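>>> Need coordinates for the below:
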Amino acid sequence: MYKLKFKDLIFLTNKRKIQKNVIFFFYGLGLSSDDFKEILYNNKSLKQIIIAELPGHNNYPFKKHNDNIFEFTKQIFLFIKKNNIKNIIYFSHSLGGLIPILLHKFFLKKKIRIKKFINYEGNLTEHDTKMVTKKTSSYIESEYYGKFQTLLKICKESNKLDLNLWYKSMSKTSAMAFYFLSKDAVKYSQADILLRFFRIFFKEKVYLYGSLSKRHLPKYSYGSVREEIYGCGHFGHYENLFEFNKIFNKLIIK
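The predicted model follows:
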């Protein structure tokens, strides 16, 4: 595995040099590239996978005035431009589902071939952020550090394995990164502008969901082909790693 740096971005990838054909992987709040190393080791497609670290995640610093989802996306665009990447598959989870949409709506004007957009329960509408993310964004900044410590404690002491594992990654996440990126997720998910763009612009798209997720699935397919990960909810990589890896490889090869 290789760690790459570009401007303020940190990437984990399976190849030393950037290829013209890549799979971009954007994860959700409170996670890290460490949670997804298995897909790099078990990559059946032989393609390059690039996992981008979110600002303030995995023990990386968070700069309050610069590290928002829009600026992060802008740097991803500059990285694509600098390396002349031509063909892209996107795999996004939760908050990460916003990034390819912002990328193509605001930055990638020249022709890039998007082979597929695989969206695993991405934050596309207000409904998608109604749990922890929306609650987080409702607090005032000065009180959030204490609230974040409470969230960590709840996850650590939970009898649910996915929350125990999420705690391990969240403990490497800046409280302010979690707070401000939650606000970004809620902001971009409230209007249907990005959802409309997602429906119209991305032709080859898959809406991926866990079989245990409590969602009204017909409403959330967004014109996508639907795929289910058996035996898990929102955190398939924690709850059923074998099935998560299997369907990841199936979708990027198909």
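>>> Which element, helix or strand, includes residue 116?
strand 113-120 (DSSP states H and E).
>>> Partner strands of that strand, with direction?
Here strand 113-120 is paired, per DSSP bridges, with strand 87-93 (parallel), strand 205-210 (parallel).
>>> what's the average pLDDT for the first one?
Spelled out, that is strand 87-93. Regarding strand 87-93, the rounded mean pLDDT is 96.
>>> how about the following helix or strand past that strand: buried residues?
Later in the chain than strand 87-93, the nearest helix or strand by DSSP H and E is helix 98-106. For helix 98-106, a neighbour-count test (16 or more other CB atoms under 10 Å) marks 98, 99, 100, 101, 102, 103, 104, 105 as buried. Heads up, the C-betas are built off the backbone N, CA and C, glycines and all.
>>> quick one, what contacts the last one?
Contact partners of residue 105, counting by CB atoms under 8 Å, 6 or more residues apart in numbering, are 194, 197, 201.
>>> Give the ChimeraX command for selecting the buried subset of the residues you listed.
This is how ChimeraX selects the buried members of the contacts of residue 105, with burial counted by 16+ other CB under 10 Å:
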select :194
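>>> would you turn the contacts of residue 105 into CSV with secondary structure?
Converted to CSV, those look like this (DSSP: H, G, I helix; E, B strand; the rest coil):
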residue, secondary structure
194, helix
197, helix
201, helix
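>>> Nearest to residue 236 among the contacts of residue 105?
Among those, residue 194 lies closest to residue 236 (CB to CB), at 23.4 Å.
>>> Please report the distance of that closest one from residue 174.
To residue 174, residue 194 is 25 Å away according to CB to CB, to the nearest Å.
>>> any idea which helix or strand comes after the strand holding residue 116?
Taking DSSP H and E, what comes next after strand 113-120 is helix 132-138.
>>> ok, and what's touching that following helix?
With CB under 8 Å, 6+ apart as the criterion, helix 132-138 contacts 29, 95, 123, 126, 129, 144, 147, 151, 178-179, 182-183, 185-186.
>>> would you say residue 24 is within a helix?
No - Residue 24: not assigned to a helix; according to three-state DSSP it is strand.
>>> Model confidence for it, exactly?
For residue 24, pLDDT reads 98.
>>> what residues are up against it?
50, 52, 76, 88, 89, 90, 91, 100.
>>> Adding pLDDT and distance to residue 3, write the buried residues of helix 98-106 out as a markdown table.
Formatted as a markdown table, these follow (pLDDT from 0 to 100; distance: CB to CB, whole Å):
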| residue | pLDDT | distance to residue 3 |
| --- | --- | --- |
| 98 | 93 | 24 |
| 99 | 96 | 20 |
| 100 | 95 | 22 |
| 101 | 93 | 27 |
| 102 | 94 | 24 |
| 103 | 95 | 22 |
| 104 | 94 | 26 |
| 105 | 92 | 29 |
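>>> shaky segments in the chain?
Low-confidence segments of the chain (pLDDT under 70): 125-131, 191, 214-222.
>>> what are the ranges of the helices in it?
Ranges of helices within the chain are 37-41, 69-82, 98-106, 132-138, 141-157, 161-170, 175-190, 193-201, 236-239, 241-253, based on DSSP state H.
>>> which one of those helices lies closest to residue 4?
Proximity to residue 4 (CB to CB) singles out helix 69-82 among those, at 9.0 Å.
>>> Run through who's touching that closest one.
So helix 69-82 is contacted by 6-9, 24, 52, 54-55, 88, 95, 98-99, 102-103, 106-108, 112, 181, 184-185, 188 (CB under 8 Å, 6+ apart).
>>> What's the ChimeraX syntax to select whichever of the residues you listed are buried?
To isolate in ChimeraX the members of the contacts of helix 69-82 that are buried, counting by 16+ other CB under 10 Å, one can use:
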select :9,24,52,54,55,88,95,98,99,102,103,107,108,181,184,185,188
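>>> re the thing from before, make TSV out of the contacts of residue 105 and add distance to residue 37.
Shown next, in TSV, are the contacts of residue 105 (distance: CB to CB, whole Å):
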residue	distance to residue 37
194	30
197	32
201	31
